[in-house]
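Novice: Sequence plus the predicted model coming up.
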Amino acid sequence: MYKMIVIDDEDIERECLASLIPWNEYGMEVVDTVWNGIEGLEKIRALKPDVVITDIKMPVMSGIQLIEKAKAEFPHTIFVVLSGYGEYEFTSQAMELGVRYYLLKPCKEEEIARVARKVREELDESRAVEEKKQKEQARMRRLKPRAQAQLFSNMLENKENGSVYYQVFLEENQERYPSIFLLIMKFPDSPDYLEQFALTNILGEFIGESRILLATAMEREEVYLIDGRVRKDVESVADKVKREYKKLFSIQLDFTASETGGIQEVASLYRRIKGEEKTNPDIKPFLEADTRERLLFEIRLFLLRLKLEEKSLKEQKDRAASLLTGLSKSEPDREALDKIQDQGGLFQYLLEMVCQIRQMESPADKDTRRVNQVLEEFYRNIGDQDLNLQRISKEVLFMNEDYLGRLFYKQMKKRYSAYTVENRIEMARKLLEQIPDARISQVAEETGYPADGQYFSRIFKKVTGMTPSEYKERQKGANM
């Protein structure tokens, strides 16, 4: 039997609904009746009913308020709304909260029966799905670790999207692990079971067993799905694993790690990491960039790296040509490259060419195009300390600053000021990683902070948890 509560401030309506309808014929049992919304919410919390029939207009707490509060705590509870003529505004509010069943007062028995049958069908279907899911979860637990290894192997090869196992795994882990990455440990020859088992144990000791979601063997490799929150430490951890493993088995391992992504991106991350082993390091980030925004970041990082390495404009053009050749498998237009007079022109040329190669077309939506213009202006002039949204709105887009700010927030889910701080520091962090000899004052200036470094250091520590100097020392230690 499914549990049901009836909530109505009119005694006759409430009691008639509760006692005159043969609810047991529809697989339901009225476990309580309540006359107001506040008491109704308390009963819902105490009894956890499957179905709640509630009047829409009640004193103290309306049916709408009750549904909103109860849905936040019990999203699977089905609500049936009682409404009278003329209460369409309340009914539309209930629809916005996901309510699908309504009874118009005075209630006719045949209409109640029709709604009861539909609610019963939905409850039966939900229960069947839940029971199937629980059976699969129990089966997965019994078959561990072999079933999980097979699941992961199928995920890497993009064969699991429709399976129940995969859906269960997503539901159990997607919120717990908002980002993941792949770590591939490579053997010189095919390992036996003991060698694979030992490797997983050693990795678990250094990185934490709870951080390893799944593991599977792929040819001469052991592949791990790992919590993305430890991605920054993976190089140093993998080096420790290699040293410890060599002591035990006299086997020299190699490793590679993907960038972070969502659990649903496992197959894509695996394809990229396997393909990138055959490409040069300049090309790798441009293959990973799956949005125009990320492409802008990588182009600016690429050019800033060349600048901090003190490459001449000609050398920068040559590296850009090599990059484009690797991406398109054909020679770029050298005449167009030769006409470029500065790094700003090279930035624009790379943006146009890489978007063309990657088939990233300009969005048709006008608002999205405007936000893209803001992003382009930011990355084109990331070293300009005075660049702000006011200037962009006035000098580039010729529109109202407040409107542009709201537009940016709607598209990017953060304010322009927060976005620029986050991405300036991310750019600086990448530069410190990739150019160990770069002066901190240089990095600060090139990412839009005063060259004295004090303000930059304070912001860097606030975002990353360490000063730029500490970060550089940590990178040196990880690479030793």
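Specialist: Great, that's in hand. Computed from a predicted structure; not experimentally measured.
Novice: surely K461 meets S469?
Specialist: No. Applying C-beta atoms under 8 Å as the test, K461 and S469 come out as separate, 10.0 Å apart. Quick note: C-beta positions are derived from backbone N, CA and C, even for glycine.
Novice: Would you mark the buried spots in stretch 292-311?
Specialist: By neighbour count on 16 or more other C-beta atoms under 10 Å, the buried set for stretch 292-311 is 292-293, 295-308.
Novice: Which of these sits closest to A128?
Specialist: Set against A128, the nearest of those by C-beta to C-beta is E293 (42.6 Å).
Novice: if I pick that closest one, what's in contact with it?
Specialist: 372, 375 (C-beta atoms under 8 Å, 6 or more residues apart in numbering).
Novice: Next, it: secondary structure please.
Specialist: Applying DSSP: H, G, I helix; E, B strand; the rest coil to E293 yields a three-state assignment of helix.
Novice: With L213 instead?
Specialist: Relying on three-state DSSP, one would call L213 strand.
Novice: got a pLDDT number for it?
Specialist: Model confidence at L213, given as pLDDT, is 91.
Novice: Give the bridge partners for the residue lying closest to it once chain neighbours are set aside, please.
Specialist: Spatial nearest neighbour of L213, excluding adjacent residues (C-beta to C-beta, 6 or more residues apart in numbering): L225 at 4.4 Å. The partner list for L225 in beta bridges (DSSP bridges) reads L182, L214.
Novice: now L225: how far from S268?
Specialist: Remark: distance between L225 and S268 (C-beta to C-beta, to the nearest Å) = 13 Å.
Novice: Tell me which of those two has more neighbours.
Specialist: Comparing L225 with S268 by other C-beta atoms under 10 Å, the one with more neighbours is L225, at 26 against 15.
Novice: quick one: that one and L182 touch, right?
Specialist: Yes. Using C-beta under 8 Å, L225 is in contact with L182, at 6.3 Å.
Novice: so what sits against both of the two?
Specialist: V266.
Novice: buried stuff in the helix or strand that contains E445?
Specialist: Assigned by DSSP states H and E, E445 belongs to helix 440-446. Using 16+ other C-beta under 10 Å as the test for burial, helix 440-446 gives 440, 442-446.
Novice: Out of those, which is nearest to R380?
Specialist: E446 (13.2 Å).
Novice: L253 versus that closest one, what's the distance?
Specialist: To L253, E446 is 37 Å away according to C-beta to C-beta.
Novice: do the same with E433
Specialist: Distance of E433 to L253, given as C-beta to C-beta: 23 Å.
Novice: Those two: which is more packed in?
Specialist: L253 (21 against 17).
Novice: three-state assignment of the residue lying closest to that one once chain neighbours are set aside?
Specialist: Using C-beta to C-beta, 6+ apart and skipping residues adjacent in sequence, the residue nearest L253 is K242, 4.9 Å away. Look at K242: counting by three-state DSSP, its state is helix.
Novice: Quick check, K242 in contact with Q252.
Specialist: Yes. Shown here, K242 and Q252 form a contact pair, counting by C-beta under 8 Å, at 7.4 Å.
Novice: who has more neighbours, those two?
Specialist: K242 (17 against 11).
Novice: With E235 as the reference, measure out to that one.
Specialist: According to C-beta to C-beta, K242 stands 11 Å off from E235.
Novice: Next, G63: phi, psi?
Specialist: phi -60, psi -40 (degrees, to the nearest 10).
Novice: name the helices or strands packed onto the strand or helix carrying V81?
Specialist: Assigned by DSSP H and E, V81 falls within strand 78-83. Strand 78-83 makes packing contacts with strand 51-55, helix 63-73, helix 88-96, strand 101-104, helix 109-143 when contacts are defined by 3 or more C-beta pairs under 8 Å, 6 or more residues apart in numbering; DSSP states H and E.
Novice: how about the strands of the stretch 151-300 of the chain, start to end?
Specialist: Assigned strands in the stretch 151-300 of the chain, in chain order: 180-186, 212-218, 221-227, 254-257 (criterion: DSSP state E, counting those that start in this stretch).
Novice: centre of the chain versus stretch 245-257, how much separation?
Specialist: 32 Å (C-alpha atoms, centre = their mean, to the nearest Å).
Novice: now do stretch 339-348
Specialist: With C-alpha atoms, centre = their mean, you get 34 Å for stretch 339-348.
Novice: Give the rounded mean pLDDT of it.
Specialist: On average, stretch 339-348 scores 91.
Novice: where does the nearest residue to R294 once chain neighbours are set aside sit relative to L269, distance-wise?
Specialist: Residue nearest to R294 in three dimensions, not counting chain neighbours: E288, with 7.5 Å by C-beta to C-beta, 6+ apart. Computed as C-beta to C-beta, the E288 to L269 distance reads 9 Å.
Novice: between the two, which one's more packed in?
Specialist: More neighbours surround L269 than the other of E288 and L269, with 21 against 18 (other C-beta under 10 Å).
Novice: And the residue nearest to that one when sequence neighbours are not counted, how far from S92?
Specialist: Of all residues not flanking L269 in the chain, S258 sits nearest, at 4.3 Å (C-beta to C-beta, 6+ apart). Counting by C-beta to C-beta, the gap from S258 to S92 is 47 Å.
Novice: Between these two, which is the more surrounded one?
Specialist: For S258 versus S92, neighbours defined as other C-beta under 10 Å are more numerous around S258 (26 against 9).
Novice: Could you list the domains of this protein?
Specialist: As assigned by automatic domain parsing, the chain contains the domains 2-130, 146-276, 420-479.
Novice: which one of these lies closest to F398?
Specialist: Among the domains of the chain, if distance is taken as C-beta to C-beta, the winner is domain 420-479, at 20.8 Å.
Novice: For Q356, list the residues it contacts.
Specialist: Contacts of Q356 (C-beta under 8 Å, 6+ apart): none.
Novice: how close does it sit to F169?
Specialist: Using C-beta to C-beta, Q356 is found at 38 Å from F169.
Novice: and if you look at G204?
Specialist: G204 is 19 Å from F169, by C-beta to C-beta.
Novice: For those two, indicate the residue with more neighbours.
Specialist: F169 (22 against 16).
Novice: With D338 as the reference, measure out to the more buried one.
Specialist: 53 Å.
Novice: re the thing from before, quick check: neighbours shared by E288 and L269?
Specialist: E259.
Novice: circling back: could you redo the domains of the chain as CSV and give each row distance to I382?
Specialist: CSV is the format used below for those (distance: least, C-beta to C-beta, whole Å):
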stretch, distance to I382
domain 2-130, 41
domain 146-276, 21
domain 420-479, 6
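Novice: Can you say which of the ones you listed is nearest to G345?
Specialist: domain 420-479 (17.7 Å).
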